[in-house]
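Asker: following is a predicted model, sequence given first.
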Amino acid sequence: MMDAATRPLTLMFGFLALALMSYGTAFGAAHEEKGVNVGPGEMGIDAVIIDGPPIKADQVQSNEHATYPRGMTCAECHQVDFFDVDLVTSASKQFVNNFPNLSQEEIWQKVVAFLPGRERFAIATVQDDMPTATTVDMVLDVDEKVFYVVSERGTEKLLQLRINPNISAVRFKGWTVADGGAKQWVSVQMKGTAEVIESTDPRFMQLLEKYSLVRISKPRAVRRFDIIKVTPKQIYYFDTTLGKDSYSPYQLWLRDGSDS
Ligand code: HEC
């Protein structure tokens, strides 16, 4: 039973609750309709920003998530906490987590098709926390899923790889905004480990011959070169045209990955 003193107070709370609720609905509706057009991206499609709640980098959008124009990234609408997760869930991984992926075998076949011969890569090696970027030609062994590089002996990258075998490499090709042309941008980015094979190693000559790795005479090659064998642990295959079939433009291949 309410007495005369508490009734006005209850009514007041009632009004307050109503007011808050209607404010909430109005805000919600406006929130859905609005959206700030911030212009086109590389593919010429306008991005429309509707701010969402802060998310962690490893969060996956639900099936009910609103659709948004192609080419937008999660970070355009969400404050994404990339640092407090696992240092692995990068922006590329967000695409992999949130959009359809090809099978591991399909990704591998795309990598193979993109690297048919002796392909120029930029590679990064590390010493004392300091990366060094250089260029090399790599040849893919399709069966072993490893790459071979012939390198001048005594180069900085070889000295570094002997101390720290971790290596990162990228090959990229295609349209830049400035060039115009077909809007396809493809890259193969890998991380893995490297082994330096010296010319005294019995594998050295076999590899030179198998892949026609050098065009100078063998007696010269033996004196001048080491071979680097690169074993990728993971490869990001990036292709802007995958998006048109609603696949993630980033496809992640893992050496120990298998399709479930
Ligand atoms: C165009 C802007 C926009 C983009 C781009 C966007 N979001 Fe959202 N997202 C929203 C908004 C707005 C909400 C809140 C919806 C609501 O409150 O009804 C939301 C909600 C969410 C939620 C919670 C509810 C749900 O549907 O799961 C998650 C998780 C989420 N987003 C993850 C992501 C991820 C991951 C990406 C990138 C792959 C992304 N979002 C891209 C606008 C966006």
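Answerer: Great, that's in hand.

Asker: look up how far residue 58 lies from the closest residue to the ligand within the stretch 151-260 of the chain.
Answerer: Closest residue of the stretch 151-260 of the chain to the ligand, C-beta to the nearest ligand atom: residue 248 (9.2 Å). C-beta: built from backbone N, CA, C; applies to glycine. From residue 248 across to residue 58, the span is 15 Å (C-beta to C-beta, to the nearest Å).

Asker: before we move on, what about residue 160?
Answerer: Distance of residue 160 to residue 58, computed by C-beta to C-beta: 32 Å.

Asker: out of these two, which sits in the more crowded spot?
Answerer: residue 160 (22 against 16; other C-beta atoms under 10 Å).

Asker: elements contacting the helix or strand harbouring residue 135?
Answerer: Counting by DSSP states H and E, the element that carries residue 135 is strand 130-141. Applying 3 or more C-beta pairs under 8 Å, 6 or more residues apart in numbering; DSSP states H and E, one finds that strand 130-141 contacts strand 118-127, strand 146-152, helix 156-163, strand 166-174.

Asker: re the thing from before, wait, the residue of the stretch 151-260 of the chain closest to the ligand touches residue 95, no?
Answerer: Yes - the criterion here is C-beta atoms under 8 Å, and residue 248 meets it with residue 95 at 4.3 Å.

Asker: which SS class is residue 222?
Answerer: helix (DSSP: H, G, I helix; E, B strand; the rest coil).

Asker: break this protein down into its structural domains.
Answerer: 7-98, 104-254 (automatic domain parsing).

Asker: pull the distance from the last one to the chain's centre.
Answerer: Chain-centre distance of domain 104-254: 16 Å, with C-alpha atoms, centre = their mean, to the nearest Å.

Asker: for it, measure first residue to last.
Answerer: 8 Å (C-alpha to C-alpha, to the nearest Å).

Asker: same question, stretch 96-107
Answerer: First-to-last distance for stretch 96-107 - C-alpha to C-alpha - comes to 12 Å.

Asker: touching the ligand at all, that stretch?
Answerer: Yes - Stretch 96-107 is in contact with the ligand by C-beta under 6 Å from any ligand atom, via residue 98.

Asker: also stretch 79-90?
Answerer: No - against the ligand, stretch 79-90 shows no contacts by C-beta under 6 Å from any ligand atom, the least distance being 7.8 Å.

Asker: same check, this time on stretch 41-51
Answerer: Yes - Stretch 41-51 lies within reach of the ligand by C-beta under 6 Å from any ligand atom, at 49-50.

Asker: could you identify the helix or strand that succeeds the strand ranked longest in the chain?
Answerer: Ranked by residue count, the top strand of the chain under DSSP state E comes out as strand 225-239. As assigned by DSSP H and E, the chain's next helix or strand after strand 225-239 is strand 250-254.

Asker: report whether that next one contacts the ligand.
Answerer: No - contact of strand 250-254 with the ligand (C-beta under 6 Å from any ligand atom) is absent, the minimum separation being 11.2 Å.

Asker: pull out the buried positions in stretch 136-147.
Answerer: By neighbour count with 16 or more other C-beta atoms under 10 Å, stretch 136-147 contains the buried residues 136, 138-140, 146-147.

Asker: tabulate these (JSON lines), appending distance to the ligand and pLDDT.
Answerer: JSON lines is the format used below for these (distance: C-beta to the nearest ligand atom, whole Å; pLDDT from 0 to 100):
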{"residue": "136", "distance to the ligand": "34", "pLDDT": "96"}
{"residue": "138", "distance to the ligand": "32", "pLDDT": "96"}
{"residue": "139", "distance to the ligand": "36", "pLDDT": "96"}
{"residue": "140", "distance to the ligand": "31", "pLDDT": "97"}
{"residue": "146", "distance to the ligand": "33", "pLDDT": "98"}
{"residue": "147", "distance to the ligand": "31", "pLDDT": "98"}
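
Asker: which one of these is nearest to residue 155?
Answerer: Set against residue 155, the nearest of the buried residues of stretch 136-147 by C-beta to C-beta is residue 136 (9.5 Å).
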